[in-house]
Each structure stands twice: as structure tokens, then as C-alpha cells.
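Peer 1: Need coordinates for the following:
(one chain, ligands or ions: 2)
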Amino acid sequence: MLVILDARCTEAQCAAVEEAVRAIGCTPLPVAGRERTAICVTGNRGPVDPGRFAQLPGVRECIAVTKPWKLVGREVQPESTVVRIGPRGEVAIGGALPPVVIAGPCSVETEARTVAIAHAVKAAGARLFRAGAFKPRTSPYDFQGLGAEGLATLQVVRRETGLPIVSEVVDRESLDAMVEAVDVLQVGARNMQNFSLLRALAAAPCPVLLKRGPAATLTEWLMAAEYLLAGGKRDVLLCERGIRSFSDHSRNTLDLNVVPLVRELSHLPIVVDPSHGVGARDRVRPMARAALACGAHALLIEAHVSPMTSYTDAAQTIDVATLTGIARDAEVLARLETVERATIGAQ
Ligand code: PEP
Ligand code: MN
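Peer 2: Ligands and ions are numbered 1, 2, ... in the order given. You can find the predicted model right below:
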């Protein structure tokens, strides 16, 4: 149930509605919008009687929420969320903004190499730098990332290139150190349903990029995002990175079907990671183009100055020339959309 109050409602009217929600044993979650304030009733086990709220002062209407998720949905927040990243919010992702390219190696490498890659991806058109200091690996014997040393390198990258940093957080223990070093906390596919991690991240001071689990349905993914929003985090990016299917011709099956669906169902921005979606460098650019064409707000791409020698995920890591091409694709598409919007607007 959503209790919609007039945008001009008073604080006391809001507080009275919240109190009425608590009185029926539920938790109120207010969502302020431009034209209205919505108070979301959460924690109910069955249908909520709108009669309890409809007559309260300031209440415009009560709307039943038909989806299992609430705060991530457009029923609660019709306008798109724009996530602002970096110390001055210099990179914005979401809504009708042009797509943003996020690029860098799979793992943080030596300081010299990582800084060189960052300068190269910036020159290629990337606006954010990605690299993992903590790597969740299938085998305990594989390289697990440089950890704290990697975070120190990411801080050097940020200082020397000015690029905000996206990096994966794998547990609560490393969260404080991560927050010092990065601008977006990435939740890896394997941790999408690590609910205690999600609860901790809800209180983090920077945006969270939530990857879709390898076997998660769209509903499960949106419910994982709901954990973040219910905990108070509003700057969340969703990231499709491919799912496990019967197909064995690619590392994962990049499910671009979700892109227009997420845009329809949720106000949160949708990012696509074609690198993990295909697992082979030749197919990254075609699928990046496809992701842009179906409405991705940003691309997350593994790129390197010497892809073959990448510490991890070498087979899917592209070179800087290919990344430059993808950044150009994104610009061309953004221009086309502007023309199309202007044409439709003129009709
Ligand atoms: C990564 O981005 O390098 C990564 C480990 O991604 P995922 O969680 O999608 O496998
Ligand atoms: Mn990787």
C-alpha cells in the first residue's frame, strides 16, 4: 500500500500518517517526490485497509502496490533516479542522460600498470575506472586480489587521473577500507543475495552497483535491491552481467531482455557488463552496442593496455582501441536519441 500525500503536506500530517502505519504493526518508509510524498507501508502480511488512511489530513489517495518490490518500483517513484558519482557528483548515470562508459582491468595490478591503464581508458572515453582489489574466485588456489595494497593503488589512480573508482566489496570486514578508497561499491554476482552485506551497504556513504546473480530471476534481483533501498540507500545502480543457461557457447548468457524491462519497472539506472556476459573479447563490442541500443544507462567493461597479460579474465579483456570504439558508439547513440526525441517532440 502506498499512501500519497500532497506535495504541500505538513510535517505533522506526514508524521500522523506514519503513526497510523505503525499502529497497524507495519513500518512506514517515506519517499519524497517533486509532486507528491509517498509513504510506503511495509511489513504487512496481508492486504492493508485503505480506509485507515484515506481520511487523514493531507492524504490524496491510497494505491495498492501490485509488485513484490516496493521502493525500487515506479509505482512508488515514477521519476527516474539519477545516480551522481564522485566527490562533486561529477558523473551522473540514469534517466535520459547519455550513457556512461566504466572501464578498467578485472583486477588491480601493480601500481604502475594500473595507473597506466587508467590514463589509457580515460583517454579512450571512460568516465569511471573499474578494478577489483578483492576478487571472489571459484578456486581458493587462484589469485584473490591484492587486497589493501590494491585499495592504496586505487587511491593513487583517483588522485592522478581524477577518475572516480568502482570496485567490488566482498564482505563487511573490508567495508570501511573500501569506502575510503572507492566511489561506487560493486556487489558481485556471487554476493547478490548476501543479505547481511546488503544491509551493511545500505548505510554506506557512496552509491552501490548491484550485479545480477548468475541464476537470479528479475524479481530476485529487484528484491535484493529492495534490501538496499529499505535500509535507506537511494543511489543504487543495477548491473546485468549474464546468467547461467544451457548455452555453452559463451561464458554466460547476457540477458538484454531485462534492460527495457528494468527501465519500465524500476526507476533505478541499468548498467550492462558485456565482458562477463560473453567471456570473449571479440564479442564485447557487438554486445556493448546491443546493450546501448536497448537502453543501458552505462557499460561496465574490462579493458587493459596489454589484455593478454591481465592478471584475471584475460580472455574477455579488450584493448584500448576497442574501448575507444565503444565510447564512440555510445556517443553516436546518444546523439541519435537526442535527434529522435527532438523529432518526436516536434511532431
Ligand atoms: C568483476 O566485475 O570482475 C566480477 C567479478 O564480476 P561478477 O561478479 O559479475 O562475476
Ligand atoms: Mn572480471
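Peer 1: Look up how far ligand 1 lies from the residue nearest to residue 279 when sequence neighbours are not counted.
Peer 2: Computed as C-beta to C-beta, 6 or more residues apart in numbering, the closest residue to residue 279 that is not its neighbour in sequence is residue 251, at 2.4 Å. Where C-beta positions appear, they are placed from N, C-alpha and C, glycine not excepted. The spacing between residue 251 and ligand 1, counted by C-beta to the nearest ligand atom, to the nearest Å, is 9 Å.
Peer 1: Distance of residue 251 relative to residue 291?
Peer 2: 16 Å (C-beta to C-beta, to the nearest Å).
Peer 1: could you pull out the helices for the stretch 51-200 of the chain?
Peer 2: 51-54, 111-124, 148-161, 175-181, 195-201 (DSSP state H, counting those that start in this stretch).
Peer 1: Can you check what angle separates the second one from helix 148-161?
Peer 2: Comparing the axes of helix 111-124 and helix 148-161 via axes from the mean of the first three to the mean of the last three C-alpha atoms, to 10 degrees yields an angle of 40 degrees.
Peer 1: And helix 111-124, what does it pack against?
Peer 2: strand 100-104, strand 128-130, helix 148-161, helix 320-346 (3 or more C-beta pairs under 8 Å, 6 or more residues apart in numbering; DSSP states H and E).
Peer 1: again, 6 Å this time
Peer 2: If you count contacts as 3 or more C-beta pairs under 6 Å, 6 or more residues apart in numbering; DSSP states H and E, helix 111-124 packs onto helix 148-161, helix 320-346.
Peer 1: Identify whichever of those lies nearest to ligand 1.
Peer 2: helix 148-161 (12.5 Å; C-beta to the nearest ligand atom).
Peer 1: and the closest one, what other elements does it pack with?
Peer 2: Helix 148-161 sits against helix 111-124, helix 175-181, with contacts defined as 3+ C-beta pairs under 6 Å, 6+ apart.
Peer 1: neighbouring contacts of it?
Peer 2: With C-beta atoms under 6 Å, 6 or more residues apart in numbering as the contact definition, helix 148-161 has outside contacts at 108, 111, 114-115, 118-119, 122, 129, 133, 165, 177, 181.
Peer 1: In CSV, list those along with neighbour count and pLDDT.
Peer 2: Below are the contacts of helix 148-161 laid out as CSV (neighbours: other C-beta atoms under 10 Å; pLDDT from 0 to 100):
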residue, neighbour count, pLDDT
108, 30, 98
111, 17, 98
114, 23, 98
115, 18, 98
118, 28, 98
119, 16, 98
122, 18, 98
129, 28, 98
133, 27, 98
165, 28, 98
177, 16, 98
181, 21, 97
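Peer 1: between those residues, which is nearest residue 331?
Peer 2: Taking C-beta to C-beta as the measure, residue 331 sits nearest to residue 122 out of the contacts of helix 148-161, at 15.2 Å.
Peer 1: so who does that closest one touch?
Peer 2: So residue 122 contacts 161, 163 (C-beta under 6 Å, 6+ apart).
Peer 1: again with residue 30
Peer 2: Here residue 30 is in contact with residue 39 (C-beta under 6 Å, 6+ apart).
Peer 1: what about it, which SS state?
Peer 2: strand (DSSP: H, G, I helix; E, B strand; the rest coil).
Peer 1: re earlier: wouldn't the residue nearest to residue 279 be in contact with residue 280 here?
Peer 2: No: using C-beta atoms under 6 Å, residue 251 is not in contact with residue 280, being 7.3 Å away.
Peer 1: still on that earlier bit, neighbour count for residue 251 and residue 291, which is higher?
Peer 2: residue 291 (28 against 20; other C-beta atoms under 10 Å).
Peer 1: if you skip the residues just before and after it, what's nearest to that one?
Peer 2: Counting by C-beta to C-beta, 6+ apart, the residue nearest residue 291 is residue 272, at 3.7 Å.
Peer 1: got a list of what that neighbour touches?
Peer 2: 240, 291, 296, 299.
Peer 1: Of those, which belong to helices?
Peer 2: residue 291 (DSSP state H).
Peer 1: Include distance to residue 69 and pLDDT when you put the contacts of residue 272 into TSV, please.
Peer 2: Below are those laid out as TSV (distance: C-beta to C-beta, whole Å; pLDDT from 0 to 100):
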residue	distance to residue 69	pLDDT
240	17	98
291	23	97
296	21	97
299	25	98
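Peer 1: Closest to residue 219 out of the contacts of residue 272?
Peer 2: residue 240 (14.3 Å).
Peer 1: Pretty sure the closest one sits against residue 258.
Peer 2: Yes: contact criterion C-beta under 6 Å: residue 240 and residue 258 qualify, at 5.4 Å.
Peer 1: For the stretch 201-347 of the chain, what lies in contact range of ligand 2?
Peer 2: residue 313 (C-beta under 5 Å from the ion).
Peer 1: which SSE is the residue nearest the centre of the chain in?
Peer 2: Centroid-nearest residue in the chain, with C-alpha atoms, centre = their mean: residue 237, separated by 1.6 Å. Following DSSP states H and E, one finds residue 237 within strand 236-240.
Peer 1: out of everything not next to it in sequence, what's closest to residue 221?
Peer 2: Using C-beta to C-beta, 6+ apart, the closest residue to residue 221 is residue 212 (4.7 Å).
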